[in-house]
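Engineer: Build me a structure from this.
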Amino acid sequence: MLMVLSAVLISACSRDDDDVDFSGIYDVSIVENMVWGNTPGTLNRTGVLGIKVSGSQATVEGIISTTGEIVGNTLYLKGTTEQDEVGYLTTTFDPATLTGNVLRFNTYQTGKLKSNGVLFPFSSNAQFTCIKR
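Structural biologist: Predicted coordinates for the structure are as follows:
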């Protein structure tokens, strides 16, 4: 009887991976510090982010679009590269941590963006705070 009770207690305490659910819609607040050419600035933006989960894999769409892998309460997002007529950007992500209904992570971007037909160097780091609805 004591062994059965111990086994139940051990399995109940080791369920942290099962308790974390990244799936859902998040309201996003972003503070981005950037330098474009020689001009620094700070942008405050808001948006929406949706996360779909299948096993340990996640698909992220909305204000950012990427995929990632979930380990415990951490989402490891895959970096992206984008290019269009106004320039190109490479984005990398710090691990995203979900605590309760709050997902937090930082992004880093480098590349070049056009202004008046001229490409200027661009870099930024942004802090994302995402509140699950």
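
Engineer: for stretch 26-34, which positions count as buried?
Structural biologist: Neighbour-count burial for stretch 26-34, counted by 16 or more other CB atoms under 10 Å, picks out 26, 28, 30, 32, 34. C-betas here are computed from N, CA, C, even on glycine.

Engineer: So what's the gap between it and the chain middle?
Structural biologist: Centroid separation for stretch 26-34 versus its chain: 11 Å, with CA atoms, centre = their mean, to the nearest Å.

Engineer: Out of the buried residues of stretch 26-34, give me the two with the largest separation.
Structural biologist: Taking every pair in the buried residues of stretch 26-34 and measuring CB to CB, the maximum separation is 22.5 Å, between 26 and 34.

Engineer: Helices of the protein, start to end?
Structural biologist: Assigned by DSSP state H, the chain shows helices spanning 2-13, 16-19.

Engineer: Show me the shaky parts of the protein.
Structural biologist: Applying pLDDT under 70 to the chain picks out residues 1-19.

Engineer: before we move on, back to that, now the buried residues of stretch 26-34 in JSON lines, with distance to residue 115?
Structural biologist: Formatted as JSON lines, these follow (distance: CB to CB, whole Å):
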{"residue": "26", "distance to residue 115": "32"}
{"residue": "28", "distance to residue 115": "26"}
{"residue": "30", "distance to residue 115": "22"}
{"residue": "32", "distance to residue 115": "17"}
{"residue": "34", "distance to residue 115": "13"}
